[in-house]
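Student: no sequence on this one, just coordinates:
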């Protein structure tokens, strides 16, 4: 059987038995995924290359310790995530665990931005994902998030870390991970729905309020001032 | 539950990590509030889209350097391993 047809786990066994080609096949399978994560976290080509290289060198170094409790992909992406966060911390000149512990407590009371553009999307995410234009749009939306929201979204929603693991990786409380995640999800939803939402099926935000004791015409007048625009 | 309260438990609902009682209440709200239902759908679609994406092409020259570095490290390691084996034999 050719290497390309082998499962990740079989390739790990072959690599541990001394077959370099098996490790190179694993690298080929995941190098783009690792590089994309690093670019999304660090936003810089050179840093992303460094992190990608460190990730695979580190995987090579520790491959014989890989026990298969998680999948190889999960194991590898954890290494990549931690390598990228390490570079980020280095840039900030911080040697502490938390990326921004000093500002942390304040955000507990922040209100999440309210949805404004509400509409079904014109196409499914699977269809949208096929297009180059979509990739550009979603990366732009991600780049507009504050770093603190972007990191939580990437770790939790894209890499699938638990809230607890995300909190540990970023040096945050679980409560703050949740606050940031909600804000990130709502902000990205807003941006993407403006791009992909079906304008003809748009639901007016004032429908999205149940203070029905007020006459609806009055709601239209007062709501824009009640709802903060998204941050 | 109103729309504001729904926002507060939206994450837990999307993550399937919500107490059954709260979940039932939330779903009652969704059944009668189309905008909230659409927001929940949009958020799920947003997450799916980011998970599916591998937006950045690996630069070709870097790919070559990467594989070269891996081959070199591999050689160093297997060299060290066979030396250790020889010296312990």
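Tutor: Nice, I can see it. Predicted, not measured: the structure shown is a model, and the values here were computed from it.
Student: Please spell out which residues along stretch A:178-197 are buried.
Tutor: Neighbour-count burial for stretch A:178-197 flags A:178-193, A:195-197 (criterion: 16 or more other CB atoms under 10 Å in any protein chain shown). Heads up, the C-betas are built off the backbone N, CA and C, glycines and all.
Student: What are the boundaries of the helices in chain A?
Tutor: Ranges of helices in chain A, per DSSP state H, are A:8-16, A:20-42, A:45-62, A:72-92, A:125-129, A:132-143, A:147-153, A:163-170, A:174-196, A:216-226.
Student: just so I know, which of these lies nearest residue A:204?
Tutor: helix A:216-226 (8.4 Å; CB to CB).
Student: Residue ranges in the chain under the pLDDT threshold?
Tutor: Using chain A here. A:94-111, A:205-231 (pLDDT under 70).
Student: Please refer instead to chain B.
Tutor: In chain B (pLDDT under 70), the answer is B:81-89.
Student: Skip the chain neighbours and tell me the closest residue to the residue nearest the centre of it.
Tutor: Taking CA atoms, centre = their mean as the criterion, residue B:51 is the residue nearest the geometric centre of chain B, at 6.0 Å. Nearest residue to residue B:51, sequence neighbours excluded (CB to CB, 6 or more residues apart in numbering or on different chains): residue A:158, at 5.7 Å.
Student: which residues sit in contact with residue A:185?
Tutor: Listed by CB atoms under 8 Å, 6 or more residues apart in numbering or on different chains, the contact set of residue A:185 reads A:153, A:157, B:10, B:11, B:14, B:43, B:46, B:47.
Student: okay if I get the residues you listed as JSON lines plus neighbour count and secondary structure?
Tutor: Shown next, in JSON lines, are the contacts of residue A:185 (neighbours: other CB atoms under 10 Å in any protein chain shown; DSSP: H, G, I helix; E, B strand; the rest coil):
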{"residue": "A:153", "neighbour count": "25", "secondary structure": "helix"}
{"residue": "A:157", "neighbour count": "22", "secondary structure": "helix"}
{"residue": "B:10", "neighbour count": "22", "secondary structure": "helix"}
{"residue": "B:11", "neighbour count": "21", "secondary structure": "helix"}
{"residue": "B:14", "neighbour count": "18", "secondary structure": "helix"}
{"residue": "B:43", "neighbour count": "23", "secondary structure": "helix"}
{"residue": "B:46", "neighbour count": "28", "secondary structure": "helix"}
{"residue": "B:47", "neighbour count": "20", "secondary structure": "helix"}
